[in-house]
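[1] with the sequence up front, the predicted model follows.
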Amino acid sequence: MRKLVVFIICGALVFCNGVQAQNKALIDSLRGVLDGPLPDTTRTMVLYDLSWELADAGSYVEAKEHADSMMALATRVGSEHAQANAYNILGEIAQRLDDYPEARRCIAECLRLNRKIGRERNVAGALNNMANVKRKEGDLAGALSDYLAAVDINRRSGNEDWLGKNYDNIGTIYLQLGDHPEALKYMLQALALREQIGDKQGIAVSFSNLGIFYQQQSNLNEALRYTQAALKTRQELDDPNGMPSHT
């Protein structure tokens, strides 16, 4: 078991180093694009992508600076679409910094704008993000309500990728609430959907969550089976280290 843990940790470190190098190259490229003349619409898109890459790299101060620049530009040109996207990344940055009141404010504005302009899938995404914040704050009932509202939209719009994530999130909420039958039901729904659409990274996440579920039930045989299935699935992914990126 110790050798397996060491293997997983070493593989993750090698993978993370590769991801960091790719991330830095992309960040440098996006910075270079911003230095040139760009139409306003393109500039807001580049600022959005750069803000996300910087946030994923942990450079939250610079990420927020670019997100604020995006918001200012989007407001100046009157693009509610771009404003909603700017609130989205600003909410994500605030959440990662554990500034939950600011995260709620930004996500609420993102939700309001997306509803106004009729971007249904983005409404579901904002509901999912709000649920994430409520969950971190310990408001499990509120988080569950928002996740279920996101499910309704994603079912209606056929957004199966996000539907699988919603099911997994709902399953983990029920697990935290101690409702094990509902937790297992939603986790298995997530796995079945991900297998149906061929989402291998999602399948690996589902296997891992089921491993945690059965570990908490003291069913170590099932816990080990799903944990090993998660590792095998990750090794089958296209990256050379057999480790998944974060989703």
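    Yep, it's here.
[2] now residue 34. Nearest residue, chain neighbours left out?
    Leaving aside its sequence neighbours, residue 34 sits nearest to residue 46 (CB to CB, 6 or more residues apart in numbering; 5.7 Å). Just so you know, the C-beta spots here come from the backbone N, C-alpha and C atoms, and that holds for glycine as well.
[3] give the helix, strand or coil label for that neighbour.
    Using DSSP: H, G, I helix; E, B strand; the rest coil, the secondary structure recorded for residue 46 is helix.
[4] and it, how many neighbours?
    A total of 18 residues lie near residue 46 under the criterion other CB atoms under 10 Å.
[5] start at 23, not 1
    Sure, I'll start numbering at 23, so the last one becomes residue 68.
[6] tell me the pLDDT at it?
    pLDDT for residue 68: 93.
[7] and residue 228, what does it touch?
    186, 190, 209, 212, 213, 216 (CB atoms under 8 Å, 6 or more residues apart in numbering).
[8] roughly how far apart are the nearest residue to it once chain neighbours are set aside and residue 51?
    Of all residues not flanking residue 228 in the chain, residue 213 sits nearest, at 3.9 Å (CB to CB, 6+ apart). Between residue 213 and residue 51 the computed distance is 37 Å (CB to CB, to the nearest Å).
[9] for those two, indicate the residue with more neighbours.
    Neighbour totals were compared for residue 213 and residue 51, and residue 213 leads with 23 against 14 (other CB under 10 Å).
[10] unless I'm mixing things up, the more buried one is touching residue 225, no?
    Yes: contact criterion CB atoms under 8 Å: residue 213 and residue 225 qualify, at 6.7 Å.
[11] still on that earlier bit, give me the element the residue nearest to residue 228 is part of.
    helix 202-219 (DSSP states H and E).
[12] pull whichever helix or strand comes after that helix out as PDB, backbone CA atoms only.
    Next in sequence after helix 202-219, counting helices and strands by DSSP H and E, comes helix 222-238. The C-alpha coordinates for helix 222-238 follow below in PDB (Å, rounded to 0.1, in the frame of the first residue of the first chain):
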ATOM      1  CA  LYS A 222     -13.000   9.300 -18.800                       C
ATOM      2  CA  GLN A 223     -11.900  12.100 -16.500                       C
ATOM      3  CA  GLY A 224     -15.400  12.200 -15.100                       C
ATOM      4  CA  ILE A 225     -15.500   8.500 -14.700                       C
ATOM      5  CA  ALA A 226     -12.200   8.600 -12.700                       C
ATOM      6  CA  VAL A 227     -13.800  11.200 -10.400                       C
ATOM      7  CA  SER A 228     -16.900   9.100 -10.000                       C
ATOM      8  CA  PHE A 229     -14.800   6.000  -9.100                       C
ATOM      9  CA  SER A 230     -12.900   8.100  -6.600                       C
ATOM     10  CA  ASN A 231     -16.100   9.400  -5.000                       C
ATOM     11  CA  LEU A 232     -17.600   5.900  -4.800                       C
ATOM     12  CA  GLY A 233     -14.400   4.700  -3.200                       C
ATOM     13  CA  ILE A 234     -14.800   7.400  -0.500                       C
ATOM     14  CA  PHE A 235     -18.500   6.500  -0.100                       C
ATOM     15  CA  TYR A 236     -17.700   2.800   0.600                       C
ATOM     16  CA  GLN A 237     -14.800   3.700   2.800                       C
ATOM     17  CA  GLN A 238     -17.200   5.700   5.000                       C
END
